[in-house]
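Asker: A structural model of the following input is requested.
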Amino acid sequence: MKEMGLDPDHRRVRYEKGSFMITGSLEIDPKVYDGKPVVAGWIKEIEELWKPKLPLAAKIGNSGRTTFKGVLVRGKGIISLEKIEPSGLETLDEAATQAMEDFRSSFTMPADFPADHITFYMKFHYNIFSEI
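Answerer: Okay, the predicted model is just below:
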């Protein structure tokens, strides 16, 4: 592969037009609490707000990722929500920010969560298929 100019140890990102998704995670050891179902529920609802409002820049193939970090506190809701990784295109960032703000009041602390707060990450992918 190196003879062809490809470095097998270097991760690359493949872009695929029309691929729009959200990934997320909780900052907790999965052995302590399995947050996958919680995050999956949030993602499903946020995608329903986000996908109908995708900006033209995304629809014509521009790619990027916008990442948010938030802190959800039991009984108080979200006390912190910040964009920690911009996509590089303002319209992509604005669409992701709007979806997060529209969903902000719907973030709920799981009753069985073992702490009084959750730090979470949500990443909006525009035309990015996968890392290889």
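Asker: element containing the closest residue to Thr66 other than its chain neighbours, please.
Answerer: Nearest non-adjacent residue to Thr66, counting by C-beta to C-beta, 6 or more residues apart in numbering: Ala96, 4.0 Å away. Any C-beta I mention is one placed from the backbone N, CA and C, and that applies to glycine too. Assigned by DSSP states H and E, Ala96 belongs to helix 90-103.
Asker: what bridges to the one residue sitting closest to the centre of the chain?
Answerer: Residue closest to the average C-alpha location in the chain (C-alpha atoms, centre = their mean): Lys123, at 1.8 Å. Beta-bridge pairing for Lys123 (DSSP bridges): Thr23, Thr67.
Asker: please apply the same query to the one 5 residues further on.
Answerer: Beta-bridge pairing of Ile128 under DSSP bridges involves Tyr15.
Asker: i'd like the first residue to be 30 from this point on
Answerer: Sure, I'll start numbering at 30, so the last one becomes Ile157.
Asker: counting neighbours, what do you get for Val61?
Answerer: Val61 has 10 neighbours, counted by other C-beta atoms under 10 Å.
Asker: my error: substitute Lys82 in the last question.
Answerer: A count of neighbours around Lys82, defined by other C-beta under 10 Å, yields 11.
Asker: check contacts around it.
Answerer: Taking C-beta atoms under 8 Å, 6 or more residues apart in numbering, we find Lys82 in contact with Ala124, Gln127, Ala128.
Asker: tell me which stretches of the protein form helices.
Answerer: Here the chain has its helices, by DSSP state H, at 65-79, 85-88, 119-132.
Asker: buried set for the longest one?
Answerer: To tie it back to what came earlier, the one meant is helix 65-79. Across helix 65-79, burial judged by 16 or more other C-beta atoms under 10 Å covers Val67, Val68, Trp71, Ile72, Ile75, Glu76, Leu78, Trp79.
Asker: give me the residues contacting it.
Answerer: 49-55, 59, 124-125, 127-129, 131-132, 135-136, 139, 142, 149, 151, 153.
Asker: got it, and the last one?
Answerer: Counting by C-beta under 8 Å, 6+ apart, helix 119-132 makes contact with 71, 74-75, 78-79, 82-87, 91, 93, 95, 97, 99, 110, 112, 115-116, 151, 153, 155, all of which sit outside it.
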